[in-house]
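J.: following is a predicted model, sequence given first.
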Amino acid sequence: QSSTTAPKPDGEYDYIVVGTGSAGGAVIHQLAKTGARILVLEAGRNDDLEEVHDSRLWGAALGTDATKWFETTPQNHTDGRTHLWPRGNVLGGTSCLNAMIFARGHRSDFDSWAYDGCYGWSYDEVLPHFMAMETFEPGGEGRGDSGPLFISQPQDEFKHPGAQAFMDSCAALGYKETPSINSDRMSGQAWVDFNIKDQRRQSSAVAFIYPVRDQINVTILTDAPVTKLNMSGTKCTGVTYLHNDEPVTVNASREVVLCAGAIDSPRLLMLSGIGMANDLKSVGIDTVVELPVGMGLQDHILGGGPNWETKEAVPVSHYNHSEVYMWERSDSRLPAPDTTVLYVSVPFASTGHKLDYQNGYCVLSGVNRPHSRGYVKLQSSDPFDAPVVEANYLKEEQDWKAYKWSTELAREIGNSEFYADVRKREALVPESGKMTDAEMRDYLSKSVNTFFHPTSTCRMGVGEEAVVDPELRVRGVEGLRVADASIMPSITTSNTNSPSMMIGWKAGDMIAKNA
Ligand SMILES: Cc1cc2nc3c(=O)[nH]c(=O)nc-3n(C[C@H](O)[C@H](O)[C@H](O)COP(=O)(O)OP(=O)(O)OC[C@H]3O[C@@H](n4cnc5c(N)ncnc54)[C@H](O)[C@@H]3O)c2cc1C
């Protein structure tokens, strides 16, 4: 872990924001406008790396020091494999690594949060925040036209032929196209919205932090890992972070806002004595406030089974290799989609499978309303020790059903006539294309990959499961909020960048209102 050598912050700060990811960037943007004195501490590096900015290089950013890696425990239902979870370690956090699909979520995601007591978080109430933060290039009802985050769609002249074949296959199977994944109807096949402007990534750093970083009230340190939240009784007074490898204490006169993401936010809370007493005791930490920190972890599965070898090289995507998605219901009795399928213009398999060719395409299959939940726990009281990450993929039978349904749909799409000219053969399945139930279960468990969407480890709510209240204040603690993907009571149906940004934006507004 590197440590900052920038001049030490010597001022007084109203707010300390820990982490500059999807949510943190939006918090900083909104708080900066208030004129309050803000210190931003980011553990990772600066974002001066081409791999982070060129949208076509997104996979390459994973091979740089802008990425750090967590690993799950061996998973019972994924053939005993562990799964690597990359996270952004850079100004802009994981918004600098992600595939740039911009999907807000289904109306029912937010309505269910509100129904469970998270007042202020229903779809109608979060929509103005989604709208305020964006400028949607094509425009339209329910979309923003003056926010700092630029959102576009693939342009006709650059659309990928394999993506077009996906749209045609879905239509031929009877599914209805939707104009945008962020329109009133999320279900159906669509050309995606993405946070890309002129082949450049709109990370939360570029969109939210750059416009305010030179303001006199904003101090930003990168390479400044926070190791602990400082507590005086049950009040959070500030943080300790590493400066020139030395621990330094800084105070916040108003609040500390924790935006370290779904693994590191619960980790920092637990390291500071906020967590489950028995677990903390087992690693030698005294409990200050007992809360179910780390519990409730969710992630989407992204299955990498359905792959096809092609006769020739597949054209290179002008964008991010995944220009089309379809969200659908695995059971027509469901009120909202619980699965996704998406075309990718390169081969992609999980660690459970090996592909023995270069040229190909795949149709990935996702479980987007998972019932399974896991946890994050500390392994020790050392802030740099890896945490225990138990994903519990496919623990609940309902998730198997949804996964099987979406994988079968993905196979149907990839085997359709619309790929007949380019397809050589389907990989990873018997030549007949048919599998027994046992073979299918084996294929599915080997295909499981993460969608890279961990959430819900510091859940917002009003009951015993809640770590933060609907204003995102840590329950029973003064001067401390959490604002990032960890606060989602349940994971959104969508990919998680857009809702994380909204959470940060809304948090900034809520804090500013109380200031
Ligand atoms: C490979 C990949 C592809 C993805 N693709 C998509 C996609 O296409 N669309 C989509 O919507 N989502 C996608 N996601 C998921 C999405 O990017 C994340 O859900 C989202 O960025 C989470 O935001 P966050 O604010 O919660 O956390 P993060 O963005 O991870 O931010 C946390 C920040 O806190 C910092 N931090 C952590 N610990 C400390 C500490 N101790 N001190 C100081 N700072 C600290 C980190 O360095 C980081 O900058 C993808 C993710 C990955 C990894």
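T.: That came through, no problem. Residues are numbered from 1 along each chain as shown.

J.: quick one, longest strand in this structure?
T.: strand 246-258 (DSSP state E).

J.: just confirm residue 494 contacts residue 104, I think it does.
T.: Yes. Counting by C-beta atoms under 8 Å, residue 494 sits close enough to residue 104 to count as a contact (6.0 Å). C-beta coordinates here come from the backbone N, C-alpha and C atoms, glycine included.

J.: comparing the two, which residue is more hemmed in?
T.: Taking neighbours as other C-beta atoms under 10 Å, residue 494 and residue 104 compare with residue 104 leading, 29 against 25.

J.: around the ligand, which positions in the stretch 201-350 of the chain sit nearby?
T.: By C-beta under 6 Å from any ligand atom, the residues of the stretch 201-350 of the chain that approach the ligand are 225-226, 259-262, 264, 268.

J.: of all these, which comes closest to residue 88?
T.: residue 261 (7.9 Å; C-beta to C-beta).

J.: which residues does that closest one contact?
T.: Counting by C-beta atoms under 8 Å, 6 or more residues apart in numbering, residue 261 makes contact with 19, 21, 87-88, 93-94, 454, 484-486.

J.: next, the buried residues of stretch 9-21.
T.: Residues of stretch 9-21 classed as buried: 9, 13-21 (neighbour count, 16 or more other C-beta atoms under 10 Å).

J.: coming back round to it: neighbouring contacts of the longest strand of the chain?
T.: So strand 246-258 is in contact with 8-9, 12-19, 24, 27, 31, 36, 39, 227, 229-230, 236-242, 265, 268-269, 479-484, 507, 511, 515, going by C-beta under 8 Å, 6+ apart.

J.: among these, name the buried ones.
T.: 9, 13-19, 24, 27, 31, 36, 39, 227, 229-230, 236-242, 265, 268-269, 479-484, 507, 511.

J.: now render the residues of the stretch 201-350 of the chain next to the ligand as a markdown table, adding pLDDT.
T.: Shown next, in a markdown table, are these (pLDDT from 0 to 100):
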| residue | pLDDT |
| --- | --- |
| 225 | 98 |
| 226 | 98 |
| 259 | 99 |
| 260 | 99 |
| 261 | 98 |
| 262 | 98 |
| 264 | 98 |
| 268 | 98 |
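
J.: can you put those in JSON lines and add secondary structure?
T.: Formatted as JSON lines, these follow (DSSP: H, G, I helix; E, B strand; the rest coil):
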{"residue": "225", "secondary structure": "coil"}
{"residue": "226", "secondary structure": "strand"}
{"residue": "259", "secondary structure": "coil"}
{"residue": "260", "secondary structure": "coil"}
{"residue": "261", "secondary structure": "helix"}
{"residue": "262", "secondary structure": "helix"}
{"residue": "264", "secondary structure": "helix"}
{"residue": "268", "secondary structure": "helix"}
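
J.: contact partners for whichever residue of the stretch 1-150 of the chain sits closest to the ligand?
T.: Residue of the stretch 1-150 of the chain nearest the ligand, by C-beta to the nearest ligand atom: residue 21 (1.8 Å). If you count contacts by C-beta under 8 Å, 6+ apart, residue 21 has them with 88, 92-95, 204, 259-261, 484, 500.

J.: which ones among those lie within helices?
T.: Using DSSP state H, 204, 261, 500 are the members of those that sit in helices.

J.: so what strands line up beside the longest strand of the chain?
T.: Strands adjacent to strand 246-258 in the sheet, as given by DSSP bridges, are strand 13-18 (parallel), strand 235-243 (antiparallel), strand 480-482 (parallel).

J.: which one of those lies closest to residue 135?
T.: Per C-beta to C-beta, nearest to residue 135 of these: strand 13-18, 23.8 Å.

J.: tilt between the helix or strand just after the closest one and strand 246-258?
T.: Next helix or strand after strand 13-18 toward the C-terminus (DSSP states H and E): helix 22-32. Calculated by axes from the mean of the first three to the mean of the last three C-alpha atoms, to 10 degrees, helix 22-32 forms an angle of 80 degrees with strand 246-258.

J.: specify the local secondary structure of residue 296.
T.: Residue 296 ends up strand, using three-state DSSP.

J.: neighbours around it, how many?
T.: By other C-beta under 10 Å, neighbour count at residue 296 equals 25.

J.: list the contacts for residue 404?
T.: Taking C-beta under 8 Å, 6+ apart, one finds 440, 444 in contact with residue 404.

J.: give me phi/psi at it?
T.: Note on residue 404: backbone dihedrals following degrees, to the nearest 10 are phi -60, psi -40.

J.: for it, give its distance to the ligand.
T.: Counting by C-beta to the nearest ligand atom, to the nearest Å, the separation of residue 404 from the ligand is 24 Å.

J.: how about residue 187?
T.: Distance, residue 187 to the ligand, using C-beta to the nearest ligand atom: 18 Å.

J.: surely that residue and residue 328 touch.
T.: Yes. Counting by C-beta under 8 Å, residue 187 does reach residue 328; the two are 6.0 Å apart.

J.: want to throw the residues of the stretch 201-350 of the chain next to the ligand into JSON lines with distance to residue 336?
T.: Supplementary listing: these in JSON lines, determined by distance: C-beta to C-beta, whole Å:
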{"residue": "225", "distance to residue 336": "39"}
{"residue": "226", "distance to residue 336": "37"}
{"residue": "259", "distance to residue 336": "28"}
{"residue": "260", "distance to residue 336": "30"}
{"residue": "261", "distance to residue 336": "26"}
{"residue": "262", "distance to residue 336": "22"}
{"residue": "264", "distance to residue 336": "30"}
{"residue": "268", "distance to residue 336": "33"}
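
J.: show me the two of the residues you listed that sit farthest apart.
T.: Within these, 225 and 262 form the most distant pair, 17.1 Å apart (C-beta to C-beta).

J.: have a look at the two and say which one is more surrounded.
T.: More crowded of residue 225 and residue 262, by other C-beta under 10 Å: residue 262, with 32 against 23.

J.: now for the more buried one: which residues touch it?
T.: 297, 376, 454-457, 484-486.

J.: what of residue 167?
T.: 177, 189, 191, 324.

J.: the last one touches residue 344, doesn't it?
T.: No. In this structure, residue 324 is not within contact of residue 344 by C-beta under 8 Å, at 9.6 Å.

J.: wait, isn't residue 485 in contact with residue 19?
T.: No. Residue 485 lies out of contact with residue 19 (C-beta under 8 Å); the separation is 11.0 Å.

J.: what segments of the stretch 351-500 of the chain are strands?
T.: 360-367, 374-377, 388-390, 423-426, 480-482 (DSSP state E, counting those that start in this stretch).

J.: nearest to residue 47, of the ones you listed?
T.: Judging those by C-beta to C-beta, what sits closest to residue 47 is strand 480-482, at 23.4 Å.

J.: is the closest one anywhere near the ligand?
T.: No. Using C-beta under 6 Å from any ligand atom, strand 480-482 never reaches the ligand; the gap is at least 9.7 Å.

J.: that older thread, can you check which residues contact both of residue 187 and residue 328?
T.: Residues within reach of residue 187 and of residue 328 at once, by C-beta under 8 Å, 6+ apart, are residue 337.

J.: the more surrounded of the two?
T.: Set residue 187 next to residue 328 and count neighbours by other C-beta under 10 Å: residue 328 wins out with 21 against 17.

J.: can you tell me how far that one is from residue 111?
T.: Distance, residue 328 to residue 111, by C-beta to C-beta, to the nearest Å: 20 Å.

J.: and what of residue 447?
T.: Taken as C-beta to C-beta, the span from residue 447 to residue 111 is 32 Å.

J.: between these two, point out the one with more neighbours.
T.: Higher neighbour count among residue 447 and residue 111: residue 447, with 26 against 17, using other C-beta under 10 Å.

J.: element containing residue 278, please.
T.: Assigned by DSSP H and E, residue 278 falls in helix 277-282.

J.: one step back: buried ones only from the contacts of residue 167, please, as a ChimeraX command.
T.: Applying 16+ other C-beta under 10 Å to those, the buried members can be selected in ChimeraX as follows:
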select :189,191,324
